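Enquirer: How does the following fold in three dimensions:
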Amino acid sequence: MDFAVRLAGRAGQMSARGFFSEGWHGHLKEDGSEFTDIDVAVEELIRDELSLHVPDDGVFGEEGGATSGSSGRRWIIDPINGTKYFTHRVPLFSNDLAYEDEHGPAIGVINMPMRQQMIVAGRGLGCWVLPGPDPDLRTGHRARVTERTSLGGAWTLMHNPAGWPEELLSALHRRVLLVPSTGMIAALVTGRADAGIIAGPPMGYEDVAPMPVIVTEAGGRVTDLGGASVLEGDMSVLVTNGGLHDEFLQLVKGLPRSRDYRALLHGD
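Expert: Numbering: from 1, shown residues only. Model prediction:
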């Protein structure tokens with residue numbers, strides 16, 4: 001985990017400098033999503049370090065795609081998760097890193113450099129909150145989800161509600177307290193939220209890859225909205241403190257999970 005922490009910390013330093021600098025440009029991918037020169041530079045930094053220290057491991061990055069390896073292990077990189085926030089100078093982005101071995105998710109890191117907080121977990125090693133500009137496992141403290149058992153009024157973070165269908169919003173709004181997310185996984189594992197939901201356009205694999213080990217090691221549970229593995233499902237996300245998970249699944253069972261909100265942008 002130490003190597004992953006150092007690597008994510010360096011990514012955070014580079015992205016924070018980029019956030020306050022001028023001269024970089026934003027670009028659109030074929031699917032309409034954004035990326036910047038800083039996204040590319042941060043991913044290149046991580047890839048260079050991985051090539052130097054673990055050259056036999058595979059790599060999958062949001063910007064650079066897949067690089068095969070021979071070890072059976074793989075690193076997943078989301079250099080700037082929240083690029084739209086980044087391009088609009090809103091300090092809510094993160095640097096996400098995950099590591100998978102022959103047994104599945106092994107390490108997850110979510111680094112929030114503007115908040116000076118890193119969440120890191122290792123399989124069987126717990127989930128940790130590392131504060132400050134230079135994250136260090138020696139100065140961290142254990143993360144733990146809430147113990148709430150009542151669905152009614154549960155503090156529930158929502159991500160990308162513009163893409164949510166009315167049926168999903170209404171069903172949840174009647175039972176729980178829906179609030180905007182400003183860092184869903186960090187809020188869940190530090191006990192500041194009971195649950196979180198990502199619906200609308202599907203997430204990428206790199207978006208969800210750090211979640212299983214982080215949430216599980218903090219005592220929570222994560223699936224897609226149908227209850228399938230978040231890494232193998234439809235790329236929607238339900239994260240909870242564990243005790244509320246089945247009730248949430250029942251609440252949203254059979255409901256649509258996305259709408260074509262882009263059509264609204266064009267007046268359709």
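Enquirer: Please enumerate the helices of the stretch 51-200 of the chain.
Expert: 83-87, 166-173, 184-189 (DSSP state H, counting those that start in this stretch).
Enquirer: okay, and the helix or strand of the protein with the least pLDDT?
Expert: Scoring the helices and strands of the chain by mean pLDDT, DSSP states H and E places helix 261-265 at the bottom, with a mean of 68.
Enquirer: any idea which of the helices of the stretch 51-200 of the chain is most buried?
Expert: helix 184-189 (a mean of 25; mean count of other CB atoms under 10 Å). (Each C-beta comes from the backbone N, C-alpha and C, glycine too.)
Enquirer: Centre of the chain to that one, how far?
Expert: With CA atoms, centre = their mean, to the nearest Å as the basis, the distance from the averaged C-alpha position of helix 184-189 to the chain average is 9 Å.
Enquirer: Give me the helices and strands touching it, please.
Expert: Secondary structure elements in contact with helix 184-189, counted by 3 or more CB pairs under 8 Å, 6 or more residues apart in numbering; DSSP states H and E, are strand 104-112, strand 117-122, strand 126-131, strand 155-159, strand 195-198, helix 211-217, strand 237-240.
Enquirer: ok so, going back, Throw the helices of the stretch 51-200 of the chain into JSON lines and include mean pLDDT, thanks.
Expert: Listed next are the helices of the stretch 51-200 of the chain as JSON lines, based on pLDDT from 0 to 100:
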{"stretch": "helix 83-87", "mean pLDDT": "89"}
{"stretch": "helix 166-173", "mean pLDDT": "96"}
{"stretch": "helix 184-189", "mean pLDDT": "98"}
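Enquirer: Can you say which of these is nearest to Phe248?
Expert: Comparing the helices of the stretch 51-200 of the chain by their distance to Phe248 (CB to CB), the top pick is helix 166-173, with 8.5 Å.
Enquirer: quick revisit: out of the helices and strands packed on helix 184-189, which comes closest to Gly12?
Expert: strand 104-112 (4.6 Å).
Enquirer: Could you point out which residue ranges in the protein have low pLDDT?
Expert: Applying pLDDT under 70 to the chain flags the ranges 31-32, 261-268.
Enquirer: which residues touch the residue nearest in space to the middle of it?
Expert: With distances taken as CA atoms, centre = their mean, the residue of the chain nearest its centroid is Asp207 (4.8 Å). For Asp207, the residues meeting the contact criterion (CB atoms under 8 Å, 6 or more residues apart in numbering) are 78, 81, 96, 235.
Enquirer: Do I have it right that the third one meets Ala209?
Expert: Which is Asp96. Yes. Between Asp96 and Ala209 a contact is recorded at 7.3 Å, counting by CB atoms under 8 Å.
Enquirer: re earlier: is it fair to say the residue nearest to the centre of the chain lies in a helix?
Expert: Yes. According to DSSP: H, G, I helix; E, B strand; the rest coil, Asp207 belongs to a helix.
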